[in-house]
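Participant: quick one, structure for this:
(one chain, ligands or ions: 1)
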Amino acid sequence: MTKVYIGLGANLNAPVEQLKRALDALNRISDTQLLTCSQFYGSKPMGPQDQPDYVNAVACLDTELDAHALLDALQTIELEQGRERKDERWGARTLDLDILLFGNQVIDTERLTVPHYGLCQREFVVYPLLEIAPVLVLPSGEPLAEICKNVPLNDLTPLK
Ligand code: ROI
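Facilitator: Just a heads-up that it's a prediction; the model follows:
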């Protein structure tokens with residue numbers, strides 16, 4: 001069993017509903033269980049500002065799959081929920097599912113970089129992650145709580 005943290009994000013087509021559907025779908029991946037999910041947070045778009053605010057959360061899973069098999073399953077869920085891969089970098093999206101951490105593994109392949117490259121900079125990743133894993137230590141040996149000290153909240157707001 002490997003403990004995995006997944007970042008969820010959406011800013012199109014009823015984002016809260018997109019995240020709820022995605023959690024359902026995560027729980028139905030074979031050989032995988034959804035353990036917990038953070039609150040949902042509203043966040044300002046990182047990247048182009050001419051797009052709606054995002055809803056973000058972080059979920060924790062236990063899986064018997066390897067990282068690339070899990071990535072296949074996540075990409076299938078994104079496509080099922082209407083994700084279109086466009087040329088525009090950092091544009092609006094109906095659903096984004098990112099592997100943030102895969103146990104203590106460091107992975108660098110054409111398809112997958114783990115820990116996720118944005119993990120230590122993005123408020124909409126580190127704070128939801130801290131909520132569900134307050135004593136987490138990254139594969140680099142750095143405590144997540146230390147990383148959060150350098151990441152401004154930037155209007156991140158828990159949704160009621
Ligand atoms: N901005 C926010 N706030 N949340 C996201 O999930 C998100 N995802 C992205 C980009 C376009 C970088 N900006 C984001 O992929």
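Participant: for whichever residue of the chain sits closest to the ligand, list each beta-bridge partner.
Facilitator: Nearest residue of the chain to the ligand: residue 9, at 2.5 Å (Cβ to the nearest ligand atom). Using the backbone N, CA and C atoms, a C-beta is placed for each residue, glycine as well. For residue 9, the beta-bridge partners are residue 56, residue 96 (DSSP bridges).
Participant: list the contacts of it.
Facilitator: By Cβ atoms under 8 Å, 6 or more residues apart in numbering, the residues touching residue 9 are 54-56, 93, 95-96, 98, 124.
Participant: residue 140 now?
Facilitator: Residue 140 touches residue 115, counting by Cβ under 8 Å, 6+ apart.
Participant: what's the answer for the one 5 residues further on, then?
Facilitator: With contacts defined as Cβ under 8 Å, 6+ apart, the neighbours of residue 145 are 130, 134-135.
Participant: show me what residue 4 is bridged to.
Facilitator: residue 61, residue 102.
Participant: what is the neighbour count of it?
Facilitator: 23 (other Cβ atoms under 10 Å).
Participant: pLDDT score for the most far-flung residue of the chain relative to its centre?
Facilitator: In terms of distance from the mean C-alpha position of the chain, residue 50 ranks first, at 21.9 Å (Cα atoms, centre = their mean). pLDDT, residue 50: 92.
Participant: before we move on, what about residue 87?
Facilitator: You'll see residue 87 listed with a pLDDT of 67.
Participant: re earlier: any idea which of the contacts of residue 9 is least confident?
Facilitator: residue 93 (84).
Participant: got the phi and psi for it?
Facilitator: phi -150, psi 150 (degrees, to the nearest 10).
Participant: can you give me the strands for this structure?
Facilitator: 2-10, 32-37, 41-43, 54-63, 96-102, 107-108, 113-114, 157-158 (DSSP state E).
Participant: could the ones you listed go into TSV alongside distance to residue 75?
Facilitator: Output for the strands of the chain, formatted as TSV (distance: least, Cβ to Cβ, whole Å):
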stretch	distance to residue 75
strand 2-10	12
strand 32-37	15
strand 41-43	23
strand 54-63	15
strand 96-102	8
strand 107-108	16
strand 113-114	15
strand 157-158	28
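Participant: I'd like to know which of those is closest to residue 88.
Facilitator: strand 96-102 (13.7 Å; Cβ to Cβ).
Participant: tilt between that closest one and strand 54-63?
Facilitator: On the basis of axes from the mean of the first three to the mean of the last three Cα atoms, to 10 degrees, strand 96-102 is oriented at 50 degrees to strand 54-63.
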